[in-house]
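# heads up, no residue letters with this:
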DNA sequence: GTACTTATTGAACACTCGTTCAAGATAGCA
DNA sequence: TGCTATCTTGAACGAGTGTTCAATAAGTAC
């Protein structure tokens, strides 16, 4: 009646790689900086230390894959939220904000991982490269949405007191996307350092106000009533 | 004829402490995360490893002092810029932005140190406490300026902390200060991760647009610019 | 059932880490 | 010129690091 006394289980390289990446993500979420340790990742995956270097050329190669996985999950969640929204660009931006501050994404343990990645990207060119690649992708999504809002879709908010100032020059959709990304990153950062600073709905309100105020002004048009 | 062959120089505790804090700051700026090492800090200060624990109870106590020093320098620079500006609150806010993106403050090596502090504040309560303390101080400065801009109050008038005016959607000066801080932090972060993403004057333009658009809207008044 | 490929193990290596503490050096004071 | 207080040194310690690699074992093909 004895079960097979296997000492370990062999898995296909692709399966094992994915399992290691996900274990590393959990280790990072659980232990922060210290979760980067090969031994902790191996323990989290239920595997010996040596296995990681059998599937990844180095530790940073694994971390880079964790970066890609985490970005992919977030990007997928945001794009799903956008797809489910009303087709107007302005409404889709709102959906993006709601997704950004939804309980599902406001996970301090996960958000802290970005801080670790940012720290690594200074000295580790491989991590820096992944950051560039994922930042450009995120920026592109926002740039397109902002461009659509500026181009023709009427803002659904009204501005009772009508006079607009001079049209600010040089606020291109790309620069505005950089600004909005900075605002979002800054709010995420503050929220994960101290969730008591503001409420999620206040974060959304700040983003909405940014769009209503800054994009509308940059477009040089009055808000349609 | 022979110079005294002293093996080391004794210094007063306060002098030595300050020298160690400044050496730690240089070490952090030079080597990033690895610059946190006691041995690197000691080498940067031209001192033996053991001395640090003679003047500081632990390594994090020293790092906390570096945090305070760095914040103090930045805060001093910003407040000097504000003081030198025209007394109108809006102009002082602009001076704050110009100081924020001046070449003197846009030092990637220094900005990277904030990332290290943010990372430490997750696991180290002492660092987290310093972050709270300095964040609250920075926020207070911006909150006061934003409050004055919204109220249309001149800086020398005593500012009663009563109601400042109608604020349609709960965008209080404090919440707006949180948003502006997030925008500034996000822009600093992106700039130090990749200085090629935007130019300093573009960063200033984004902040100005934020004030012109968001604060104006929150106040329910038309633009002052 | 045997041969073979290779996923997996874990000890070993050569570091770095923060902290401790006995021993030594220095400056002020007598 | 001692004497003394204490600033300073640096070896030692125990623990942790990423990576390497010979040995092992699991699953597949024959």
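Received, thanks. Keep in mind that what you see is a predicted model, and the values were worked out from it rather than measured.
# how near is the residue nearest to residue A:29 when sequence neighbours are not counted to residue B:33?
If the residues on either side of it in the chain are set aside, residue A:29 comes closest to residue A:109, at 4.2 Å by C-beta to C-beta, 6 or more residues apart in numbering or on different chains. For every residue, glycine as well, the C-beta is placed using N, CA and C. Distance of residue A:109 to residue B:33, given as C-beta to C-beta, to the nearest Å: 20 Å.
# Look at these two and report which has more neighbours.
Higher neighbour count among residue A:109 and residue B:33: residue B:33, with 19 against 15, using other C-beta atoms under 10 Å in any protein chain shown.
# In the helix or strand hosting residue A:16, which residues are buried?
Secondary structure assigned from DSSP states H and E places residue A:16 in helix A:13-31. Neighbour-count burial for helix A:13-31, with 16 or more other C-beta atoms under 10 Å in any protein chain shown as criterion, is recorded at A:16-17, A:20-21, A:23-29, A:31.
# Output those of those also counted as contacts of DNA strand C.
When those are checked against DNA strand C using C-beta under 7 Å from any atom of the strand, the ones in range are residue A:16.
# ok so, going back, I'd like to know which elements the host helix or strand of the residue nearest to residue A:29 is packed against.
In this structure, residue A:109 is located in helix A:108-123 according to DSSP H and E. With contacts defined as 3 or more C-beta pairs under 8 Å, 6 or more residues apart in numbering or on different chains; DSSP states H and E, the secondary structure elements packing on helix A:108-123 are helix A:13-31, helix A:59-84, helix A:125-151, helix A:173-193, helix B:108-123, helix B:173-193.
# Let's see that with 6 Å instead.
For helix A:108-123, the helices and strands in contact under the criterion 3 or more C-beta pairs under 6 Å, 6 or more residues apart in numbering or on different chains; DSSP states H and E are helix A:13-31, helix A:125-151, helix A:173-193, helix B:108-123.
# Pick the most deeply packed of these.
Among these, the stretch with the highest mean neighbour count (mean count of other C-beta atoms under 10 Å in any protein chain shown) is helix A:173-193, at a mean of 23.
# Tell me if that helix is near chain B.
Yes. Using C-beta under 6 Å from any C-beta of the partner chain, helix A:173-193 reaches chain B at A:175, A:178-179, A:182-183, A:185-187, A:190.
# next helix or strand past that helix?
Taking DSSP H and E as the definition, the helix or strand that follows helix A:173-193 towards the C-terminus is helix A:200-210.
# That following helix: which residues count as buried?
Buried residues in helix A:200-210, counted by 16+ other C-beta under 10 Å: A:200, A:202-210.
# so which of those residues also contact chain B?
Filtering those for neighbours of chain B using C-beta under 6 Å from any C-beta leaves A:202, A:206, A:209.
# that older thread, just the buried residues of helix A:13-31 now: which is nearest chain B?
The nearest member of the buried residues of helix A:13-31 to chain B, counting by C-beta to the nearest C-beta, is residue A:31 at 8.6 Å.
# thinking again about what came up before, mean pLDDT and distance to residue A:67 added to the helices and strands packed on helix A:108-123, as CSV?
CSV is the format used below for those (pLDDT from 0 to 100; distance: least, C-beta to C-beta, whole Å):
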stretch, mean pLDDT, distance to residue A:67
helix A:13-31, 98, 10
helix A:125-151, 96, 5
helix A:173-193, 98, 15
helix B:108-123, 97, 15
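# Tell me which of those lies nearest to DNA strand D.
In this view, these are compared for proximity to DNA strand D by C-beta to the nearest atom of the strand, and helix A:13-31 is the closest at 8.6 Å.
# tell me what the closest one is packed against?
Identification of packing neighbours for helix A:13-31 by 3+ C-beta pairs under 6 Å, 6+ apart yields helix A:38-45, helix A:59-84, helix A:108-123.
# The second one vs helix A:13-31, what angle?
Which is helix A:59-84. 90 degrees (axes from the mean of the first three to the mean of the last three C-alpha atoms, to 10 degrees).
# Then the last one?
Orientation note: helix A:108-123 sits at an angle of 110 degrees relative to helix A:13-31 (the same axes, to 10 degrees).
# Contacts for stretch A:121-137, please.
Outside stretch A:121-137, the residues that touch it by C-beta atoms under 6 Å, 6 or more residues apart in numbering or on different chains are A:60, A:64, A:67, A:71, A:120, B:32, B:112.
# oh, I was asking about stretch A:109-117
The contact list for stretch A:109-117 (C-beta under 6 Å, 6+ apart) reads A:28-29, A:32-33, A:67, A:188, A:192, B:118-119, B:122.
# one more time with 8 Å, if that's ok
A:25, A:28-30, A:32-33, A:36, A:63, A:66-67, A:70, A:127, A:131, A:188-189, A:191-192, B:115, B:118-119, B:122 (C-beta atoms under 8 Å, 6 or more residues apart in numbering or on different chains).
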